[in-house]
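Q: With the input below, show me the fold.
(chains A, B, C and D, ligands or ions: 2)
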Amino acid sequence: MAKIVGAITTSHVPAIGRAIAGKLQDDPYWKPFFDGFPPVHAWLDKVRPDVAVVLYNDHGLNFFLDKMPTFAVGAAPEYHNADEGWGIPTLPPFKGHPELSWHVINELVAREFDLTTCQEMLVDHAYSLPLKLLWPNDEKCPVPTVPVCINTVQYPLPSAKRCYKLGKALGEAIGSWDKDLRVLVIGTGGLSHQLDGERAGFVNPEFDKAFMDSLVSDPEWVTQFSNEQIVEKTGTQGVELLMWVAARAALPGRVGLVHSNYHIPISNTAAGLMVMEVAA
Amino acid sequence: MAKIVGAITTSHVPAIGRAIAGKLQDDPYWKPFFDGFPPVHAWLDKVRPDVAVVLYNDHGLNFFLDKMPTFAVGAAPEYHNADEGWGIPTLPPFKGHPELSWHVINELVAREFDLTTCQEMLVDHAYSLPLKLLWPNDEKCPVPTVPVCINTVQYPLPSAKRCYKLGKALGEAIGSWDKDLRVLVIGTGGLSHQLDGERAGFVNPEFDKAFMDSLVSDPEWVTQFSNEQIVEKTGTQGVELLMWVAARAALPGRVGLVHSNYHIPISNTAAGLMVMEVAA
Amino acid sequence: MNAASQKLEIPGTRVFDGELAQKGYALNKMCFSFNSAENREAFRQDEAGYCRQFGLNAEQYEAIRTRNVLGLLAAGGNVYYLAKFAGILGLDVQDLGAAQTGMSKDEFKAMLLAAGKGI
Amino acid sequence: MNAASQKLEIPGTRVFDGELAQKGYALNKMCFSFNSAENREAFRQDEAGYCRQFGLNAEQYEAIRTRNVLGLLAAGGNVYYLAKFAGILGLDVQDLGAAQTGMSKDEFKAMLLAAGKGI
Ligand SMILES: [Fe+3]
Ligand SMILES: [Fe+3]
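A: Ligands and ions are numbered 1, 2, ... in the order given. So this is what the prediction gives:
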């Protein structure tokens, strides 16, 4: 049976792409952010995942308001990164894993998740950049991936509670996969930031820290809040922490914290990073 | 508060469009089918709905396999009928009801249905023809409508059990709408038929009759079956009865049967029709 | 327990699952394009070129070329999309039914009428 | 009980709900089109014509014309789509932040750096 090796949660911001392209990793502005990743690379070398399931949110590249899914799961042989409107160089295509995709889709629909399935799907910076941060030295992402996209564009968004349930069911689905492979779960988004409105630039390190702690010790803590309350506490785009909630929930039982980092700011964003393993 | 006046469930087949265009209502082949509708018209004259929520399945007009939703709800000001590939004349656009659409979307997502929301949406014969059958003398459908589309194209389809829950939640959502309007629920699809494969032409009147009876007396009866079992009993497209399950479930409590009709064949299909009211 | 593994065998019947959906993607995408009259005309003008443009494999192209309905299904075609191809050929669902069951169209229609007797 | 009616007022903050989604549909559809470099160029060539083609209302067009970020939000713009318009103008999210808060870009950046001190 398949085994989940752990979960990595990280922020994503288009500016990371510019920093990578410009080799700014050691620039004083960027160093505290990029310095979070070598321990992750060491952990990945140790656990050697065969495939990654990536929870992320689309930023208006693949989905528009004519067909806006709450939860979308990719089932393509390959996922292309594409121009999002600002002409940043795109990363090479990501290999898919249709067999795991369909297994996950079948199991989640059987568990009453009303998925949108995507046999063709463009993936944006929320997908491409975290994978590049995890495997910076590989020209192409070395593991095949399965995208799971959560709507953070148009309300009503799924609640933190629903996302927790999605993650839990996803973990069970992966665990029931009849293949002897090691699966990594990735959640990208957040932490506190707000791009739009008079409150632009809002961040909330106290809440972010409490949230990061809760993922280890009490992962359902955040499900007490409505999305509007999460926005109040973390900013309009802080609600992207929903991907972290789902990724953590995919890990069965208690977890151990392998590594974490937290830094403000990158661009307008409070950047968080966590690596969690299933407790022995 | 809004009030559900009842539910109408009916089959849909492209050939009905050809029969209407050709004025074949009194043709011996078509008469037993069209004769089912005058009692429905009389009932509609009595209950005078202000708006209709239409559960139907798309046949590859609005959705493709690149983004195939389990449940999609329309939130457009207007829905256009369009060429489905065989060049049948299209019907005039259907007026939407965005306010009810968003109310339903908000309530259903709050109840953990993972909808795809559609602010632009083409509607096919499964939508246009049943509405034309209900209001044959109006050039345009006289009531605004809200589309709720259930995937019957690509497996895994939502189970009958999940569709029952959707319908129940939809009924609660409508019932909680703070407008003094009369809402009609429509479900289109089925009954037994199979278009594809060596078993094409399969129908099953015994099962259809049992299913129609069950909607009145024991609406959860059919939820004991998996979709594969429903296909075995009703044919590959017989599974479109899922829309009937959801429409019936939207009616709170016990129902009275106002009218029903059943006729084989129209085209390859066993045509069913039911009008149900909430029991006093 | 594994929901996906509960497969029911139904004679003469396929459910369009992930396996078929993967296999038939190019074919179904082409048929989906036939919602547009312009695309139907482009297909009529140059069938082989149109099929190539959508990346049909040899099995799919052969089934299109020979109007082989069961072959199209075996190649991953989904009936909801294939119906649009049938539209190009001027075939209705009873023509398709006859073609798949090996009956004449009259026999196929008679079978359905018989099924409606005495219900 | 009515899930939709539980609205929370957050100063300087809007959630993009059904009401804004309806209001901003044309504007957001135009901004979505800016994923394509060709469309960005078409906009640059003829801003007014491009906006007309997408059916922007007067409020939306005026906010586009005057590069008024808060006006675009008030007109139903969604930040994820508006970011693509910002891309055309060569603005990053810190330019947008400054524009919305009335700070200079340097002040806005300094505010964020200060928020990161001593965490
Ligand atoms: Fe983001
Ligand atoms: Fe149908």
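
Q: Quick test: name the residue nearest the centre of chain C.
A: Centroid check for chain C by CA atoms, centre = their mean gives C:L82 as the closest residue, at 3.8 Å.

Q: can you give me the strands in chain A?
A: A:3-10, A:51-56, A:68-69, A:71-74, A:78-81, A:94-95, A:116-118, A:122-123, A:145-150, A:182-188, A:255-266, A:269-278 (DSSP state E).

Q: quick check, distance from the third one to the centre of its chain.
A: Offset of strand A:68-69 from its chain centre (CA atoms, centre = their mean, to the nearest Å): 18 Å.

Q: Show me what that strand is packed against.
A: Judged by 3 or more CB pairs under 8 Å, 6 or more residues apart in numbering or on different chains; DSSP states H and E, the packing partners of strand A:68-69 are strand B:116-118. For the C-beta atoms, the positions are set from N, CA and C on the backbone; glycine is no exception.

Q: Briefly note if the strand it packs on comes near chain A.
A: Yes - shown here: strand B:116-118 in contact with chain A (CB under 8 Å from any CB of the partner chain) through B:T116, B:T117, B:C118.

Q: Mind giving me the packing neighbours of that strand?
A: Packed next to strand B:116-118, using 3+ CB pairs under 8 Å, 6+ apart, are strand A:68-69, strand B:71-74.

Q: As TSV, these with mean neighbour count and mean pLDDT would be great.
A: Listed next are these as TSV, based on neighbours: other CB atoms under 10 Å in any protein chain shown; pLDDT from 0 to 100:
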stretch	mean neighbour count	mean pLDDT
strand A:68-69	25	98
strand B:71-74	25	98
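
Q: okay, and the helix or strand of chain A with the least pLDDT?
A: helix A:14-21 (a mean of 94; mean pLDDT, DSSP states H and E).

Q: export stretch C:77-84 as CSV, just CAs?
A: In CSV, the C-alpha atoms belonging to stretch C:77-84 read as follows (Å, rounded to 0.1, in the frame of the first residue of the first chain):
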residue,chain,number,x,y,z
GLY,C,77,-15.5,7.5,-27.1
ASN,C,78,-18.2,8.8,-24.8
VAL,C,79,-21.7,8.5,-26.1
TYR,C,80,-22.6,12.1,-25.2
TYR,C,81,-19.8,13.4,-27.4
LEU,C,82,-20.1,10.7,-30.1
ALA,C,83,-23.7,11.8,-30.6
LYS,C,84,-22.3,15.0,-32.2
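
Q: Now do the helices in chain C.
A: C:18-23, C:25-33, C:37-45, C:47-53, C:58-65, C:69-74, C:79-89, C:93-101, C:105-115 (DSSP state H).

Q: How about A:K209, nearest residue that isn't a chain neighbour?
A: Spatial nearest neighbour of A:K209, chain neighbours left out: A:Y262 (6.9 Å); criterion: CB to CB, 6 or more residues apart in numbering or on different chains.

Q: Revised request: answer the last question for A:S214.
A: Nearest to A:S214 is A:W221, by CB to CB, 6+ apart, at 3.8 Å.

Q: returning to that earlier point: ranking by neighbours, what's the top pick from the residues of strand B:116-118 next to chain A?
A: B:T117 (29 neighbours; other CB atoms under 10 Å in any protein chain shown).

Q: Isn't it up against B:F71?
A: No - counting by CB atoms under 8 Å, B:T117 sits too far from B:F71 to count as a contact (10.0 Å).

Q: quick revisit: any chance of the helices of chain C in CSV with distance to chain D and mean pLDDT as columns?
A: Compiled in CSV, the helices of chain C are given as follows (distance: least, CB to the nearest CB, whole Å; pLDDT from 0 to 100):
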stretch, distance to chain D, mean pLDDT
helix C:18-23, 26, 98
helix C:25-33, 20, 98
helix C:37-45, 21, 97
helix C:47-53, 21, 98
helix C:58-65, 30, 98
helix C:69-74, 34, 97
helix C:79-89, 26, 95
helix C:93-101, 36, 94
helix C:105-115, 45, 95
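
Q: which one of those helices lies closest to chain B?
A: Chain B sits nearest to helix C:79-89 of all the helices of chain C, at 3.1 Å, using CB to the nearest CB.

Q: and stretch A:51-66, anywhere near chain D?
A: Yes - Stretch A:51-66 reaches chain D (CB under 8 Å from any CB) through A:H59, A:G60, A:L61, A:F64, A:L65.

Q: And those residues, which is closest to chain B?
A: A:L65 (4.7 Å).

Q: and that closest one, what does it touch?
A: Neighbour list for A:L65: A:V153, A:Q154, B:T117, B:Q119, B:E120, D:A21, D:Y25, D:N28, D:K29, D:N78 [criterion: CB atoms under 8 Å, 6 or more residues apart in numbering or on different chains].

Q: Great, nothing more from me.
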